[in-house]
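Colleague: structure for the following, please:
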Amino acid sequence: MDKSKDTIVKYEGVDLGRDGNTILSDINITIDEGEFIYLIGKVGSGKSTFLKSLYHEIPLEKGHGRILDYELESIRKRDVPFLRRKIGIVFQDFQLLIDRTASKNLEFVLRATGWKNRDLIDIRINEVLAQVGMQNKGYKMPHELSGGEQQRIVIARALLNSPEIILADEPTGNLDPETGNQIVELLHTISQGDTAVIMSTHNYAVVQKYPGRIIKCEDGLLKDVKLHNTGN
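Modeller: As a prediction, the model looks like this:
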């Protein structure tokens, strides 16, 4: 019997907007640890707005939002970096530093988030590279890696500080179908370790192939449209 999962995201009556325009209204949603969630919807429907609200790049216009132990409507500016450290972000366009190796990209993030011990840094880099199947590629420069390999490095980067949530914004958008499937499978595996994964996508083939909860942005609303059976 599965242990009960902790709720890590709770929105109640939340409105989100940009530049004075409300984009999503009356969001009522809970997300538990280890959930794998597809966020779908047309371009401009609010998917990125919702994702950015989770790490407080876009503030709540109204309502109550709690992420992990942080109340979003009252979070202090100095606490935002600590919230973001608990959230791993996977970008569609990789955003790797092109002037250094894959390992040095990961080291840069660790040092920026307070890691100082050289041995512990090396150990953690090796751990996340192995987790994404890139343990023999750390010495390579980004331009020497395929798109799929670069995205695996980006996922490794997102895992560095053992986040409780991973946000993946169209992570298969620049990849061929086979490579995209491998990336979604990897994210699925990560979610089985109690890290929630929220993945925005237009790729309905992977939604069918790798089951998960589906949340749709449509007509200014965010709603569950279907819950796949994800096992026992």
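Colleague: just how off-centre is stretch 187-198 within its chain?
Modeller: Centroid separation for stretch 187-198 versus its chain: 10 Å, with C-alpha atoms, centre = their mean, to the nearest Å.
Colleague: over to stretch 149-161?
Modeller: In terms of C-alpha atoms, centre = their mean, the centre of stretch 149-161 is found 11 Å from the chain centre.
Colleague: name the element S53 belongs to?
Modeller: Element membership for S53 (DSSP states H and E) is helix 47-54.
Colleague: ok, residues contacting that helix?
Modeller: The contact list for helix 47-54 (C-beta atoms under 8 Å, 6 or more residues apart in numbering) reads 9, 14, 16-18, 23-24, 27, 39-41, 58-60, 65, 67, 72, 87, 165, 167, 169, 198, 200, 217, 222. All C-beta spots, glycine's among them, are computed from the backbone N, C-alpha and C.
Colleague: which strand or helix spans R124?
Modeller: For R124, the host element (DSSP H and E) is helix 118-131.
Colleague: E149 against G133, yeah?
Modeller: No. With contact defined as C-beta atoms under 8 Å, E149 does not count as touching G133 (9.2 Å).
Colleague: looking at the two, which is more packed in?
Modeller: Neighbour count, other C-beta atoms under 10 Å: between E149 and G133, E149 has more, with 18 against 14.
Colleague: tell me what angle the helix or strand where that one lies forms with helix 118-131.
Modeller: Using DSSP H and E, E149 sits in helix 147-159. For helix 147-159 against helix 118-131, the angle by axes from the mean of the first three to the mean of the last three C-alpha atoms, to 10 degrees is 130 degrees.
Colleague: same for helix 147-159, what does it pack against?
Modeller: If contacts are counted by 3 or more C-beta pairs under 8 Å, 6 or more residues apart in numbering; DSSP states H and E, helix 147-159 sits against strand 87-90, helix 102-112, helix 118-131, strand 165-169, helix 177-191.
Colleague: send me stretch 176-195 as PDB with only the CA atoms.
Modeller: What follows is stretch 176-195, C-alpha atoms only, in PDB (Å, rounded to 0.1, in the frame of the first residue of the first chain):
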ATOM      1  CA  ASP A 176      13.200  14.700 -32.700                       C
ATOM      2  CA  PRO A 177      10.400  12.300 -31.600                       C
ATOM      3  CA  GLU A 178      12.700   9.500 -30.500                       C
ATOM      4  CA  THR A 179      14.900  11.700 -28.400                       C
ATOM      5  CA  GLY A 180      11.900  13.500 -27.000                       C
ATOM      6  CA  ASN A 181      10.400  10.200 -25.900                       C
ATOM      7  CA  GLN A 182      13.700   9.400 -24.100                       C
ATOM      8  CA  ILE A 183      13.600  12.800 -22.300                       C
ATOM      9  CA  VAL A 184      10.000  12.300 -21.100                       C
ATOM     10  CA  GLU A 185      10.800   8.800 -20.000                       C
ATOM     11  CA  LEU A 186      13.700  10.200 -17.900                       C
ATOM     12  CA  LEU A 187      11.500  12.800 -16.300                       C
ATOM     13  CA  HIS A 188       8.900  10.000 -15.600                       C
ATOM     14  CA  THR A 189      11.700   8.100 -13.800                       C
ATOM     15  CA  ILE A 190      12.600  11.100 -11.800                       C
ATOM     16  CA  SER A 191       9.000  11.600 -10.600                       C
ATOM     17  CA  GLN A 192       9.000   8.100  -9.200                       C
ATOM     18  CA  GLY A 193      11.500   9.300  -6.600                       C
ATOM     19  CA  ASP A 194       8.900  11.700  -5.100                       C
ATOM     20  CA  THR A 195      10.000  14.700  -7.100                       C
END
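Colleague: good, wrapping up.
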